[in-house]
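> okay, here's the prediction I keep looking at, along with the sequence it came from:
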Amino acid sequence: MKTIKLISLFVLGLLASCSPGKENVNTTVSGKVINPKGDIISLRLQDTTITASLDSLGDFQTNVPIVKAEKVVFAHGDEISSMYLRPGDQLRLTIDPAQFDETLQYEGEGAAINNFLASIVLMEDTLESIAQLAVLSEDSFLIEFRNTYVKKENALENSAVTDQEFKDWYLKNNEWEFYYNLLNYPAYKTRLTQEEFEPSENFYAFQDSLDLYDSSNLEYEFFVPYIQKQITKKVVEKFKDNGPTDVSEYVKASIEEVQSFPSDPIKEQLLYEVINVHFNRLNEEDRDSLIVEWKALNPSKKRLKTVEDKLDVLASLAKGNPAPDFKYANLDGDSMTMADFKGKVVYIDVWATWCGPCIAEHPYMEKLQKQYEDEDVAFLAISVDSSPEPWKKMVNEKELGGIHLYAEGAWDATIMQKYAISGIPRFILIDQEGNIVDANAARPSGDIASDIDELLALDKQL
């Protein structure tokens, strides 16, 4: 259930209706959070994030500047949920984070649609997942997996929703979600059987009827992930026998695949995703080339501004520049800043308890810490979990070494903005003077030790 909700985050809520935009229409979201976890809520739109503060009673209200129907991700604490807003909607919600999905209710204009979406989240908890169905034979899997989507379509038919535009969108989006998840079946089957699984040719027959060059499909939130999945498959196949020495080669190969798309709107969206997620992995020449190509595709003014801001931040993160400061609490509740580590090499790990690749680096990080336990090296692990409870629990249960800090705000945390972080884990290397060595440093499982050794050797020569 949460995997599907997180996909909405990853694609930045790519969703809009087919109706013409309505300007100067007031759209609001208000509500009450019972037993809040923190004092803010956030609404993530296609190209921006809105935050609102809770008052002493847990109430909030904010205007949402939209000119067409759009999927919005509501977040509070460590919970997220998808909403669908239309210009003019006056939506009020009530939630208790302790039982988020079970207590989420909507009132006001737009309530029928969003109560339906909330009910689908609960329904998905009762349906068998693709991981559970992967035990079946290919034919049986296709039948049973399709039935899970038919149940959701039937739920829409029997709901109180009367907005035909939304109903049409939901059915089409449901279809793209089904296609996207079909692409995951071979991986689940392989993981389950511990043997490489390749489905029959007929399994992919559905692809013959899909139009991947129709830009109107950008309305559907699973369309872009579907294309990205196909691109990843091609790139992995390309490097199957001869893997690249650097991850940037994967990114450049992905860009080459994007360049083959004849549809400029789709190409623009895909390149925008690369800029948002993988830009830091490219060298300066490749970055400049990517930006020039993307700008030629006429992105929106809002996106241009977003990317320009990102470029400004990246420029400030050049080697030798002072590392942006932060102030976060450790496990004891004491605040720490960069000044506390002056004179030491600082290796920062930005992570979260729900991040699989982050957790996979922990054994290597522990080994690295032991390697430098007698040296002036500070290992900082900064959690961007939505609430501190899972962070404290994992650090204590796994007895993780190093200095652990908690960054309030999750994806909106200061460190995420100042260091232009759009994906985790992210590792940052800072020298003894508090200057940046590498804002996108190698992972503990990589060759970071050589960089640390170099800094320590230089210090001993002074």
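Now that the structure is in, tell me what you want to look at.

> and Y185, what does it touch?
Contact analysis of Y185 by C-beta atoms under 8 Å, 6 or more residues apart in numbering lists 130, 134, 141, 145, 199, 203. Quick note: C-beta positions are derived from backbone N, CA and C, even for glycine.

> next: A449.
368, 371.

> ok, the nearest residue to W391 once chain neighbours are set aside to N396 distance?
In space, and not counting its chain neighbours, W391 is closest to S383: 4.1 Å by C-beta to C-beta, 6 or more residues apart in numbering. Separation of S383 from N396 (C-beta to C-beta, to the nearest Å): 13 Å.

> the strands in the stretch 351-462 of the chain, which residues?
Here the stretch 351-462 of the chain has its strands, by DSSP state E, counting those that start in this stretch, at 377-383, 403-406, 426-430, 436-438.

> in JSON lines: the contacts of Y185, plus distance to M365.
Shown next, in JSON lines, are the contacts of Y185 (distance: C-beta to C-beta, whole Å):
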{"residue": "I130", "distance to M365": "32"}
{"residue": "A134", "distance to M365": "32"}
{"residue": "F141", "distance to M365": "38"}
{"residue": "F145", "distance to M365": "38"}
{"residue": "P199", "distance to M365": "38"}
{"residue": "F203", "distance to M365": "40"}
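
> now a PyMOL select for only the buried ones of those residues.
Only the buried members of these enter the following PyMOL selection, criterion being 16 or more other C-beta atoms under 10 Å:
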select buried, resi 130+134+141+145+203
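
> is it true that L133 touches R146?
No. Under the criterion of C-beta atoms under 8 Å, L133 makes no contact with R146, lying 10.3 Å away.

> these two: who's more crowded?
Of the pair L133 and R146, L133 is the one with more neighbours under other C-beta atoms under 10 Å, namely 20 against 12.

> can you give me phi and psi for that one?
With angles defined as degrees, to the nearest 10, L133 sits at phi -80, psi -10.

> try the one 4 residues further on
When quoted as degrees, to the nearest 10, the phi and psi of S137 stand at phi -70, psi 160.

> where does this structure dip in pLDDT?
Counting by pLDDT under 70, the chain shows low-confidence ranges at 1-24, 244-245, 461-462.

> any idea how far D447 is from K460?
For K460, the distance to D447 - C-beta to C-beta - is 21 Å.

> meant to ask about L212
38 Å.

> the helices in the stretch 251-400 of the chain, which residues?
264-278, 284-295, 301-316, 356-360, 362-371, 388-398 (DSSP state H, counting those that start in this stretch).

> check which residues of stretch 390-410 are buried.
391-392, 394-395, 401-410.

> list of residues touching that stretch?
So stretch 390-410 is contacted by 38, 40, 75, 78, 326, 328-331, 336, 349-350, 352-354, 362, 365-366, 369-370, 378-386, 388, 413-416 (C-beta under 8 Å, 6+ apart).
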